[in-house]
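S.K.: need a 3D model of the sequence below.
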Amino acid sequence: MAYYVINGGKRLEGSVTISGAKNAALAIIPACILAGESCRLENLPHIEDVHLLEQILRMMGAEVDFTADGGMRINPKTINNRHVTFDMVSRLRASYYLLGAMLGRYGYAEVALPGGCSIGQRPIDQHIKGFRALGADVQIQRGIITAKADRLVGAEIYLDVVSVGATINIMLAAVGAEGRTIISNAAKEPHVVDAANFLNMMGAQVKGAGTDVIRINGGRKLHGCTYPIIPDQIEAGTYMIAAAATRGDVVINNIIPTHLEAISAKLMESGAHVIDGDDGREFFMRVSCENRPRAVNIKTFPYPGFPTDLQQPMMAYLARAKGNSFIVENIFENRFNHVGELQRMGANIIINDRTAMVEGVDRLFGAPLYASDLRAGAALIVAALSAEGRSEIHNIEYIDRGYEYFEQKLRAIGADITRVEE
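M.R.: Okay, here's the model as predicted:
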């Protein structure tokens, strides 16, 4: 297995370009099934989860190939396997989008229960509730979800909890249903909007994405299209935090500033400088920091609140702040798995249920570290970059799931990071 070696204490300087959004890509790739024609996706991140979905679609019979410019062409016409129960499905949380896409296209789907990072309970009851409201018969037996319907009919669906996955999955199924579907208490995340925009590009009629009520007029004939994935707000936020943590000065290109308002606000509150601009071709953000940060309090919430996916890297940054920071994790109950690793570096963190009290220390020290999930891995990299001495970060297969060319991009802005293949 590979691991990273990081010699910390190097100030990050220069510019970095953000890749396509992981969470948008993992919804839009399965959504191509709905077109019944070839689709071309641009600005795709080349990460492990995207390659897993590519393999899954190939095993279903779809024609999938990467284009010379790094995009992906998907032709679902040749799909002949609607029983998606192979082992690799259980390694990918977003495999549940195959349910909504196949149900909307074929009226039948059989998918193994999804896997992903162990960060707490992520039930799919709201997905099932939505499918059943549209008229599908949904059963779970021996780790397999089967959904089938002779006819899907639009319905009014209220989500008991705000769920990005359920919102998108119900949208996918609803475009294949007759009549109007209304999703209330819908998630507002940028990748929900991106998935809706993609569906509309294929000829669907989805309105209200980005608000808490989404209306879908289903039953329209869909067609293939070319579509660029939005930039990844979590990748951008990770580089913003890394720049501030190393007291660096980094320009982050290919971003959407409104997606980053929550993280920008907290970094500025901590004393970092954050400026966004437009060079005429794309938006960028410049993050710099000269001094030790001030302590700030954070509570994670669904978008537009502070994203849970950046809570862990932000804790690594605040581990060296002046004063006590309080971080409340409202989304996932097991998202403090990285705390023990930070403590080994000298961080002073106390956990009480879903609240972490971070008493800032002057210095962190390099250590052998083990990532427990994707964003925990990002947090350990932020900590190692700002620490004194050498760190080894193991289990980086988690990091490969969500960050494209991570070590190359970090090296380009001054990090001393090496990938070692055992």
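
S.K.: centre of the chain versus the least confident helix or strand in the chain by mean pLDDT, how much separation?
M.R.: None of the helices or strands of the chain scores lower by mean pLDDT, DSSP states H and E than strand 83-84, at a mean of 88. Its chain's C-alpha centre and that of strand 83-84 lie 24 Å apart, by Cα atoms, centre = their mean, to the nearest Å.

S.K.: which elements pack onto the helix or strand following that strand?
M.R.: Going down the chain from strand 83-84, the next helix or strand is helix 97-106, by DSSP states H and E. Under the contact definition 3 or more Cβ pairs under 8 Å, 6 or more residues apart in numbering; DSSP states H and E, helix 97-106 sits against helix 22-31, strand 108-112, helix 125-133, strand 144-148, helix 164-174. All C-beta spots, glycine's among them, are computed from the backbone N, C-alpha and C.

S.K.: swap in 10 Å and give it another go.
M.R.: helix 22-31, helix 48-60, strand 83-84, strand 108-112, helix 125-133, strand 144-148, helix 164-174 (3 or more Cβ pairs under 10 Å, 6 or more residues apart in numbering; DSSP states H and E).

S.K.: list the buried residues of it.
M.R.: Across helix 97-106, burial judged by 16 or more other Cβ atoms under 10 Å covers Tyr97, Leu98, Leu99, Gly100, Ala101, Met102, Leu103, Gly104, Arg105, Tyr106.

S.K.: columns distance to Ser264 and mean neighbour count on top of the helices and strands packed on helix 97-106, output as a markdown table?
M.R.: Below are the helices and strands packed on helix 97-106 laid out as a markdown table (distance: least, Cβ to Cβ, whole Å; neighbours: other Cβ atoms under 10 Å):
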| stretch | distance to Ser264 | mean neighbour count |
| --- | --- | --- |
| helix 22-31 | 19 | 27 |
| helix 48-60 | 26 | 19 |
| strand 83-84 | 39 | 18 |
| strand 108-112 | 38 | 21 |
| helix 125-133 | 31 | 20 |
| strand 144-148 | 39 | 19 |
| helix 164-174 | 21 | 28 |
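
S.K.: lowest average pLDDT across the ones you listed?
M.R.: Mean pLDDT values for those show the minimum at strand 83-84, a mean of 88.

S.K.: in contact with Arg215, which residues?
M.R.: Taking Cβ atoms under 10 Å, 6 or more residues apart in numbering, we find Arg215 in contact with 154, 156, 174, 180-184, 186, 205-209.

S.K.: go with 6 Å
M.R.: Ile182, Lys207, Gly208 (Cβ atoms under 6 Å, 6 or more residues apart in numbering).

S.K.: now a PyMOL select for only the buried ones of these.
M.R.: Only the buried entries of the contacts of Arg215 go into this PyMOL selection, using 16+ other Cβ under 10 Å:
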select buried, resi 182+208
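
S.K.: need the contacts of Arg215 in CSV (columns: pLDDT and secondary structure).
M.R.: Putting the contacts of Arg215 into CSV (pLDDT from 0 to 100; DSSP: H, G, I helix; E, B strand; the rest coil) gives the following:
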residue, pLDDT, secondary structure
Ile182, 98, strand
Lys207, 98, strand
Gly208, 98, coil
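
S.K.: from the contacts of Arg215, which single one is nearest Ser372?
M.R.: Gly208 (36.7 Å; Cβ to Cβ).

S.K.: need the nearest residue in space to that closest one, chain neighbours excluded.
M.R.: Leaving aside its sequence neighbours, Gly208 sits nearest to Ile214 (Cβ to Cβ, 6 or more residues apart in numbering; 4.5 Å).
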